[in-house]
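Undergrad: this one's structure only:
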């Protein structure tokens, strides 16, 4: 009873303070001297309605690039993580490769990788379709993101207790089978929520490939901006990204909470 | 008669920590040998070395007279012949009891699926767990989990079973059901080494008891001699300490 009353009171306080803050913003921001100009160039409803369909169309490219990059990142990241985990001395070159790879791609800004591959490789004069900026922009995203995803996998692999490997080895399983049947199934289950966060940032970073050519939503918004001399299309693009990332973030949060509950 | 398993002057250290300082141990076919001694006396390490989970620094481990510690051998072929059961069960939590048991016969022995299934069901039946095959480890009691772990090792039809303090992680009321399994295996002629703190069980069921201290076998003999009139002062001191609490 008391608890319910306290909760009701908490909700009331939260609602009131939110309302006050929003009211203050609505009243205060228009008082700024440049507000009228900003409102016209960023929040023009008519322009938004006019350009939105074309933005949605361009956004489909973002989704397509995301859709083919995500599974490839999951696979390539796993390969890197497995190389990194190679324990036998004869496999040290693989391990070294994974270490250097991760240092390299986590140390260089993604946009730089996109520029280098997106402009550099087509410059080799490859025949069509191998000079497509879609391919090399995607490859850049895959290479960079795999480095982060590999680290997530690795933390999962290391979280599986050594005694699990010992038990599997003691039964005569090969190293590959120990990984495949005992370690990885447990590791991957544990890192799914963390990898989801990576997927959400990938969804946003897909926009970066526009810098080497593809007319996806960011680029399309830029074109509209130039035509109409108005920034509203950028706000439209932002709305499209939010429409995908916010529900995805909530879903991941719920997943993480559920996993925490299961473990406790 | 040739011994089933023989350790000859086995040395093992982890960094500066010397765990086995010249272990000698012989186990005959069908024998149940109990290793007793304080924690850290080297009992677990010996068992892990016999299963080749740990390489030894010096000495020989002979299985049917052949040295299995030689590094050029494939450890996997030896591990099929020597089952190991752990204190903490180490069942695979993402698999059902049945899947735990079937994994190694499927991947290592590559027996036909029908045969694997039949053998696993027989084992569960034999050890009174037929109704628990489809359960996940976290749905089973500690005693049941340990029995599944024993079944998992038995499914490889090993010649020797190494049991590493298999009752130490169990609530007292669950110890009995696991020790019953050991009694049963002994009556069926399984060769076993059991590292244990269960002195009453060692006294009752062991063919031979070995007392370890600081990585050496200090004294060994039949349980009635070891528990009534040990020769060594260290054995007496240890037994006094643990038997008082019984």
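TA: Cool, got the structure. Keep in mind it's a predicted model, so treat the numbers as computed, not measured. Numbers count the residues shown, from 1 in each chain, chains lettered A, B, ... in the order given.

Undergrad: so where's chain B shaky on pLDDT?
TA: Within chain B, the stretches with pLDDT under 70 are B:1, B:245-246.

Undergrad: helices of that one, start to end?
TA: Under the criterion DSSP state H, chain B carries helices at the ranges B:43-50, B:75-79, B:97-104, B:113-126, B:142-154, B:172-187, B:199-205, B:223-228, B:233-244.

Undergrad: dump the ones you listed into CSV; add mean neighbour count as well.
TA: The way it works is simple: take the backbone N, C-alpha and C, and place the C-beta from them, glycine included. Putting the helices of chain B into CSV (neighbours: other C-beta atoms under 10 Å in any protein chain shown) gives the following:
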stretch, mean neighbour count
helix B:43-50, 24
helix B:75-79, 17
helix B:97-104, 23
helix B:113-126, 15
helix B:142-154, 23
helix B:172-187, 16
helix B:199-205, 17
helix B:223-228, 16
helix B:233-244, 14
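
Undergrad: turn those helices into JSON lines, columns for distance to chain A.
TA: Formatted as JSON lines, the helices of chain B follow (distance: least, C-beta to the nearest C-beta, whole Å):
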{"stretch": "helix B:43-50", "distance to chain A": "8"}
{"stretch": "helix B:75-79", "distance to chain A": "4"}
{"stretch": "helix B:97-104", "distance to chain A": "4"}
{"stretch": "helix B:113-126", "distance to chain A": "13"}
{"stretch": "helix B:142-154", "distance to chain A": "7"}
{"stretch": "helix B:172-187", "distance to chain A": "17"}
{"stretch": "helix B:199-205", "distance to chain A": "23"}
{"stretch": "helix B:223-228", "distance to chain A": "28"}
{"stretch": "helix B:233-244", "distance to chain A": "26"}
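
Undergrad: closest to residue A:92 out of these?
TA: Distances from residue A:92 to each of the helices of chain B were compared using C-beta to C-beta; the shortest belongs to helix B:75-79, at 20.6 Å.

Undergrad: which one is residue A:196 nearest to, not counting chain neighbours?
TA: The shortest distance from residue A:196 to any non-neighbouring residue, by C-beta to C-beta, 6 or more residues apart in numbering or on different chains, is to residue A:252 (4.2 Å).

Undergrad: what residues does chain A put near chain B?
TA: Residues of chain A found near chain B, taking C-beta under 8 Å from any C-beta of the partner chain as the criterion, are A:163-164, A:166-174, A:177, A:181-182, A:185-186, A:189.

Undergrad: now these: which count as buried?
TA: By the neighbour-count criterion of 16 or more other C-beta atoms under 10 Å in any protein chain shown, the residues of chain A next to chain B include these buried positions: A:164, A:166-173, A:177, A:181-182, A:186.

Undergrad: among the residues you listed, name the ones in strands.
TA: For those, membership in strands holds for none, with DSSP state E as the criterion.

Undergrad: among these, which ones are in helices?
TA: Among these, the members found in helices (DSSP H) are A:164, A:166, A:167, A:168, A:169, A:170, A:177, A:186.

Undergrad: which members of those define the maximum pairwise distance?
TA: When those are compared pair by pair using C-beta to C-beta, the two farthest from each other are A:170 and A:186, 17.3 Å apart.

Undergrad: pLDDT added to the ones in helices among the buried ones among the residues of chain A next to chain B, as JSON lines?
TA: Formatted as JSON lines, these follow (pLDDT from 0 to 100):
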{"residue": "A:164", "pLDDT": "96"}
{"residue": "A:166", "pLDDT": "95"}
{"residue": "A:167", "pLDDT": "96"}
{"residue": "A:168", "pLDDT": "96"}
{"residue": "A:169", "pLDDT": "95"}
{"residue": "A:170", "pLDDT": "95"}
{"residue": "A:177", "pLDDT": "95"}
{"residue": "A:186", "pLDDT": "94"}
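
Undergrad: so which of those is the closest to residue A:50?
TA: residue A:186 (52.5 Å).
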